[in-house]
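Undergrad: Give me the fold of what follows.
(chains A and B)
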Amino acid sequence: MWKDFPLFPEAASTSARDVDLLYFFIVAINVIFTIGVFAVAVYFAIKYRRKNEHEIPPQPGHSTLFEVVSSAVPTVIVMIIFGWGTWLFYVNYIPPKGAMDIFVVGKQWMWKLQHPEGHREINELHIPVGQTVKLTMTTEDVLHSFYVPAFRTKKDVVPGHYTTLWFTPNKVGKYHLFCAEYCGTQHSGMIGWVHVMEPADYEAWLQGTVRGETMSQAGERLFGRLGCNTCHKADNSGRCPTLENVFNEPVRLANGQTVTADEAYLRESILKPTAKVVAGYQNQEMPSFQGQVSEDNVLQLVAYIKSLKKQPEVKK
Amino acid sequence: MSATLTTPPVSTQPPAEHRPTYLNITKTIGSWLLTLDHKRICLLYLLSIALFFSIGGFAAMLVRLELLTPAGDFLTADGYNKAFTLHGIMMVFFFLIPSIPATMGNFLVPIMVGAKDVAFPRLNLMSWYVFMFGSVLAITSVLLGGVDTGWTFYTPYSSTYSNSAVTFAALGAFVAGFSSILTGLNFMVTIHKMRAPGLTWFRLPLFMWAIYSTSVIQILGTPVVAITLVMVALERTLQFGFFDPKLGGDPILFQHLFWFYSHPAVYIMILPALGVISEVISAMSRRKVYGYTFVAMSSVAIAIISFIVWGHHMFTSGQSVYAGMVFSFLTFLVAIPSAIKVFNWLGTMYQGSISFATPMIYALGFLGLFAVGGLTGLFLAAMGTDLHMHDTYFVVAHFHYIMVGGAVMGFYAGLHYWWPKITGRAYPEFLGQVAGTLMFFGFNFTFFPQFLVGYLGMPRRYHAYPAEMQVFNILSSVGASILAIAYILPAIYLAWSFFYGKRVGDNPWEAKGLEWEIPSPPPTENFLKPVVVTEEPYTYTKEAH
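TA: Numbers count the residues shown, from 1 in each chain, chains lettered A, B, ... in the order given. Below you'll find the predicted structure:
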């Protein structure tokens, strides 16, 4: 590909080539129909150009065949593209098992990324090639969007929500990271790099960087500092429900509904405890931690609560 | 369409300077500012939107100058953000939405239905004042330092974080929205209640079907965005928690409300242009529009489907994957009536007697650009490719092909086509053809490179960008200067022709339609005798002339 006049971003994820393939298909449809329509229009305009000022040409009749064909052809073509595009989206929607977790907090105007092992990065993400990476993202302030053109994917980062995005990089290199959702003054400065590394280089990078405590250790420390442990006791003897083995399990609520204790539920329960109260604990008033903990902290608390779940042995 | 005759034949008409027309009947400024004549109100709108188009165009030039180089070195980051916001707000709310309906719609709706005026002439004048008041609010926001939210006003940036004059701009768009609602209402009632005897629905010109469909969207959609903008203003000023999660709101709610109107709003911009193109191609080919009923119904279908596709702006927002699938499916459905229109226009040209006069130059340009604009929508309607292309320059190019390549080319086609009727004077034909051709090439030069740089990954609304994307941006900026010349040229020669152009007869195109059976320019009351319609529209027959 031309170096100074690139037409395509590098393709560095397992889904990038699939997106390109559909892109080329639609490009072909575009070229055929645009040139077709324009060429026919110009051809008619020249062939049937007005020969004398007052002429009246023959008038059109009615052709059922023309009407059927002119509606059926576009219908068939758009339905093929719909099916293909939807399938492509769907297979890239649910992350495969065994993904490496990365936690992302957007903030005007930087990306803060945390590895579960405790490495923190700003505007840079180091990941090993071939490893599926799942991002769990939120923002301290306004909307952002995590966009890596080389991976052909993006996802908005929404305040008050966790959104997820995953990809499997398959080519070593350094790729653009952009914020794609307008976020204010330095929107175009909210950029960075994704470094896809050989696994050995990645290990070396991990060793070579200062590793703080892991996210769940940081969460555990916060859990003590904020006094969560005075009520949420491991043996369920506290005033509040135990958090052991809660993550991703169904929770019965006071209003009779059942929810799954996923990241979004845990986040909501920390910031808005009264929104979805666990059955049997209606009379306990947990204070809200809105404004007292940053989104980073919430992610650490969530990581800690996740770590309280007995993991089935995972073989590496 | 042909009426049974109401006005004397052309030759017996005294020349325009010796008979009363809507232009010369009164001359004072007051008689213009307080006029109830739909034709004069058309000209009031034409002047106003020309001003707003110039402001929006100036902002676009600032944006293109900044993007000549990768570094943000011409404007400050805030200055750049305010420039593209001003461009968007002016072009969308104060040019494109009113453009064809408020000018040609105003001029032609009463004439095409055979009436003296719209149903509510006073309301019509009030709509213009409301529109101007909205524009004053919007321009006040510029004087107060400008707005930096983008025309989309996405929350919570607009409602909580931006330090710019958002409230004034949002209120400006809110107020202008009322003008749009009232105009739509006026046209709808006029088309329903004031058609001349014999003028059945299926004898209406296709421009009327397009305006009618547009009015439906204006009436049903605009209140939603109006309420949404008020909610933004309330959250900004009084901390109501609608959208900002810190106040207990949800930013995604804003996106649903905003696009529920703003997607149909795209069709407020393009449907009237589709109607104009049907008229122009038919007249310039002297052929009945091929598949009249199909074309008319496709306008209605587009208007209806446009209300249920808004979620395609939100595939990456974290919206449910199943909702996304439904929205994607419905979006693809819009492609079908759009394609039908294009094929039927080609059917209209087939075996016609095609003139290369300026309106046809614009119509041919429109066909090419609208085809590209519509077809590139397929990339964005398909969820798999949209994930990559959403919020990049690909989207910018796509919607400019529709809203500028489509709607603005349609506007210029109609303006030239009806100019002799509106003014009673000819525009300089050769200059018109030059400007129309220049606009086609300048447009492609400007926006085609943006498809490429968009696929490369350049996000929208970037003040600075990576160096490898520069070559496309240079092409685009150079193209924009050509485009600017193509826009300025008609402004000059049309203004000249308004005062000094050669007088024309009542039907210089030898076209069909009630508007061509009355004098150019028309008298205040349009028709001097009652109109009775006895024929289908576009009945071109050898006996007629």
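
Undergrad: How much space separates the closest residue to residue A:66 other than its chain neighbours from residue B:281?
TA: Excluding its sequence neighbours, the residue lying closest to residue A:66 (Cβ to Cβ, 6 or more residues apart in numbering or on different chains) is residue B:347, at 6.6 Å. No exception for glycine: its C-beta is placed from N, CA and C like everyone else's. Look at residue B:347 and residue B:281: by Cβ to Cβ, to the nearest Å, they are 10 Å apart.

Undergrad: who has more neighbours, the two?
TA: residue B:281 (29 against 23; other Cβ atoms under 10 Å in any protein chain shown).

Undergrad: State the next helix or strand along the chain beyond whichever helix or strand that one is part of.
TA: Residue B:281 belongs to helix B:251-285 when assigned by DSSP states H and E. Sequence order places helix B:292-305 as the next helix or strand after helix B:251-285, per DSSP H and E.

Undergrad: and that following helix, anywhere near chain A?
TA: Yes: using Cβ under 8 Å from any Cβ of the partner chain, helix B:292-305 reaches chain A at residue B:294.

Undergrad: Which neighbouring elements make contact with that helix?
TA: If you count contacts as 3 or more Cβ pairs under 8 Å, 6 or more residues apart in numbering or on different chains; DSSP states H and E, helix B:292-305 packs onto helix B:206-238, helix B:251-285, helix B:321-349.

Undergrad: Can you check what angle separates that helix from helix B:321-349?
TA: 160 degrees (axes from the mean of the first three to the mean of the last three Cα atoms, to 10 degrees).

Undergrad: quick one: buried residues of helix B:292-305?
TA: Neighbour-count burial for helix B:292-305, counted by 16 or more other Cβ atoms under 10 Å in any protein chain shown, picks out B:292, B:294, B:295, B:296, B:298, B:299, B:300, B:301, B:302, B:303, B:305.

Undergrad: What count of nearby residues applies to the closest residue to the fourth one other than its chain neighbours?
TA: For residue B:296, the nearest residue in space outside its immediate sequence neighbours is residue B:209; the separation is 4.2 Å by Cβ to Cβ, 6+ apart. Other residues near residue B:209 come to 26 when the count uses other Cβ under 10 Å.

Undergrad: these two touch, right, residue B:209 and residue B:300?
TA: Yes: the criterion here is Cβ atoms under 8 Å, and residue B:209 meets it with residue B:300 at 7.2 Å.

Undergrad: Which parts of chain A are helices?
TA: Using DSSP state H, the helices of chain A run over A:16-47, A:64-91, A:199-208, A:215-225, A:263-271, A:295-307.

Undergrad: For the ones you listed, could you give me a markdown table that also reports mean pLDDT, distance to residue A:141 and mean neighbour count?
TA: Putting these into a markdown table (pLDDT from 0 to 100; distance: least, Cβ to Cβ, whole Å; neighbours: other Cβ atoms under 10 Å in any protein chain shown) gives the following:
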| stretch | mean pLDDT | distance to residue A:141 | mean neighbour count |
| --- | --- | --- | --- |
| helix A:16-47 | 94 | 30 | 17 |
| helix A:64-91 | 93 | 28 | 16 |
| helix A:199-208 | 88 | 30 | 12 |
| helix A:215-225 | 86 | 21 | 18 |
| helix A:263-271 | 87 | 15 | 20 |
| helix A:295-307 | 87 | 9 | 23 |
